[in-house]
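Undergrad: Dropping the sequence and predicted coords here.
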Amino acid sequence: MYDVVILGTGPAGYTAGLYASRAFLKTLMLTGPQSGGQLTITTEVDNYPGFATGVQGPQLMEEMKKQVERFGTEIKLESGSRVQGLGFQKGFVIETVEKNEFKAKTVIVATGASAKYLDLPSEKRLMGKGVSACATCDGFFFKGKEVVVIGGGDTAMEEANFLTKFATKVTIIHRREEFRASAIMLDRTKKNPKITFFTNKIIEEVLGEAAVTGVRMKDTKSGKVETYQTQGFFLAIGHQPNTAFLKGVIEIDKRGYIVLDKGDGGNQRDNKNKINQMLSPQTRTSVPGIFAAGDCVDPRYRQAVVAAGMGCMAAIDAQKWLEEQTA
C-alpha cells in the first residue's frame with residue numbers, strides 16, 4: 001500500500017513526487033504512455049526558471065527524474081491505468097494496461113493534455129524544427145520571421161496576436177469561411193496589421209527538410225493547390241486532456257478537463273477557516289483522496305512552470321488529507 005500513487009511523469013507529476021517523497025510518504029509514479037510528458041518532444045526550453053541559457057526538454061525531464069529518485073520515489077514504466085476507488089480504509093486500486101495492480105491511500109492525477117495535430121507525416125518529422133503547438137513556449141525563436149497559425153477559434157486568435165510580438169508577419173490558415181472565435185477576439189485579430197487570413201484552406205503538407213520552409217495547402221472550394229512560404233508552423237486547434245480513463249470515476253467537464261473541488265471538503269471546523277479554504281486554490285477532485293494537477297485540469301496556461309507549481313500543491317494537499325484522516 002503506497003501513501004501516494006502519481007499518474008504521469010511530466011513537470012506536475014515529478015514535482016508532486018518530489019514533495020511527497022520529501023514528506024516521507026511512500027510514493028510511486030506510473031509513467032503513462034509518454035514518460036516525461038510533452039517536454040520530451042520539445043527542443044529548447046527557455047522559459048523554465050533556473051536555466052539561464054535554456055535547456056533541452058528531454059534533459060529537463062531527466063533532471064527532474066533523478067531528483068525525485070534521489071528522495072526515494074519509485075518510478076514504474078506503465079503505459080496506462082484505470083483507477084478504482086474502494087474507500088479510504090481499503091484505499092484505491094490502480095490497474096494498468098500491463099495487468100499490474102497497485103494500491104494507494106491517495107492518488108494524484110498528472111496525466112497532462114495532448115495537443116491536437118493534423119496527423120501529417122511531415123508535421124511529425126518537423127516537430128521542434130519549426131512545427132509547434134505552443135506559441136507561448138516557442139514564439140521567441142521566431143523573432144524576425146514569418147509564421148502561420150492553423151485554426152479558427154479563440155486559441156488561434158490569441159496565439160496569432162501573441163506571435164506578432166516576435167514575427168514580422170503572421171498568417172492564420174482556416175479550413176472554413178466562418179470562425180469559431182468570439183466576435184471580440186476575431187475583431188481584435190483583424191485589426192492587427194501584422195496578421196493576414198487564408199480561409200477555406202486545408203494543409204496537405206509541411207515543407208522543409210532540416211526546418212520548416214513553407215506549407216502546401218488546398219482550397220476547399222476550387223480545389224486549387226498552392227505553396228506558401230513560412231518559417232514557422234503553429235497549430236492552434238485545441239488540446240485533449242488525457243483523462244478518458246477517469247470517466248465515471250471523478251467529475252470531468254465536457255471538454256475532458258478534471259473539475260477541481262472548490263468547497264471546504266467538510267474538514268473545516270469554523271466559518272473563518274471555511275472562508276479561507278474556499279479562497280485558496282485547491283487540487284482536490286470530486287472524490288476524496290484523489291487529487292489532480294497540471295494540464296489535465298488547466299485549459300488556460302498550459303505551461304511547465306504552472307504544472308510544476310500545481311504538482312507541489314497536489315502533494316501538499318494529499319499530505320494534509322492523509323493527516324486529517326488519522327487525526
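TA: All right, it came through fine.
Undergrad: what's the single longest helix in the chain?
TA: If you go by DSSP state H, the chain has its longest helix at helix 304-326.
Undergrad: looking only at pLDDT, what's the mean for that one?
TA: The pLDDT scores in helix 304-326 average 94.
Undergrad: Just give me the neighbour total for Cys312.
TA: Residue neighbour count, defined by other Cβ atoms under 10 Å, stands at 17 for Cys312. C-beta here means a position set from N, CA and C on the backbone, and glycine is covered the same way.
Undergrad: and Lys76, backbone torsions?
TA: The phi/psi pair for Lys76 (degrees, to the nearest 10) reads phi -120, psi 140.
Undergrad: right, and it touches Leu30 too?
TA: Yes: counting by Cβ atoms under 8 Å, Lys76 touches Leu30, with 5.7 Å between them.
Undergrad: These two: who's more crowded?
TA: Legend: neighbour count by other Cβ under 10 Å for Lys76 and Leu30, higher for Leu30 (24 against 13).
Undergrad: Now do the SS call for the closest residue to that one other than its chain neighbours.
TA: Closest residue to Leu30 apart from its sequence neighbours, by Cβ to Cβ, 6 or more residues apart in numbering: Glu78 at 4.5 Å. Here Glu78 is recorded as coil under DSSP: H, G, I helix; E, B strand; the rest coil.
Undergrad: pretty sure Glu78 contacts Met29?
TA: No: using Cβ under 8 Å, Glu78 makes no contact with Met29, being 9.5 Å away.
Undergrad: Give me the more crowded residue out of those two.
TA: The neighbour count for Glu78 versus Met29, taken as other Cβ under 10 Å, is higher for Met29 (28 against 21).
Undergrad: roughly how far apart are the more buried one and Val148?
TA: 38 Å (Cβ to Cβ, to the nearest Å).
Undergrad: What of Ala210?
TA: Distance from Ala210 to Val148, by Cβ to Cβ: 18 Å.
Undergrad: Neighbour count: these two, which is higher?
TA: Val148 (29 against 8).
Undergrad: and stretch 180-200, C-alpha only, in PDB?
TA: As requested, the backbone C-alpha atoms of stretch 180-200 are provided in PDB (Å, rounded to 0.1, in the frame of the first residue of the first chain):
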ATOM      1  CA  ARG A 180     -15.400  29.700 -34.100                       C
ATOM      2  CA  ALA A 181     -13.600  32.600 -32.400                       C
ATOM      3  CA  SER A 182     -15.600  35.100 -30.300                       C
ATOM      4  CA  ALA A 183     -16.500  38.300 -32.100                       C
ATOM      5  CA  ILE A 184     -14.300  40.400 -29.900                       C
ATOM      6  CA  MET A 185     -11.300  38.200 -30.400                       C
ATOM      7  CA  LEU A 186     -11.800  38.000 -34.200                       C
ATOM      8  CA  ASP A 187     -12.200  41.800 -34.500                       C
ATOM      9  CA  ARG A 188      -9.100  42.400 -32.500                       C
ATOM     10  CA  THR A 189      -7.100  40.000 -34.700                       C
ATOM     11  CA  LYS A 190      -8.400  41.500 -37.900                       C
ATOM     12  CA  LYS A 191      -7.300  44.900 -36.700                       C
ATOM     13  CA  ASN A 192      -3.700  43.700 -36.100                       C
ATOM     14  CA  PRO A 193      -1.700  45.000 -39.100                       C
ATOM     15  CA  LYS A 194       0.800  42.000 -38.800                       C
ATOM     16  CA  ILE A 195      -1.900  39.400 -39.300                       C
ATOM     17  CA  THR A 196      -3.400  38.100 -42.500                       C
ATOM     18  CA  PHE A 197      -6.000  35.400 -43.200                       C
ATOM     19  CA  PHE A 198      -6.400  32.500 -45.500                       C
ATOM     20  CA  THR A 199      -9.800  30.800 -45.300                       C
ATOM     21  CA  ASN A 200     -11.200  27.700 -46.900                       C
END
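Undergrad: Thank you kindly, that will do.
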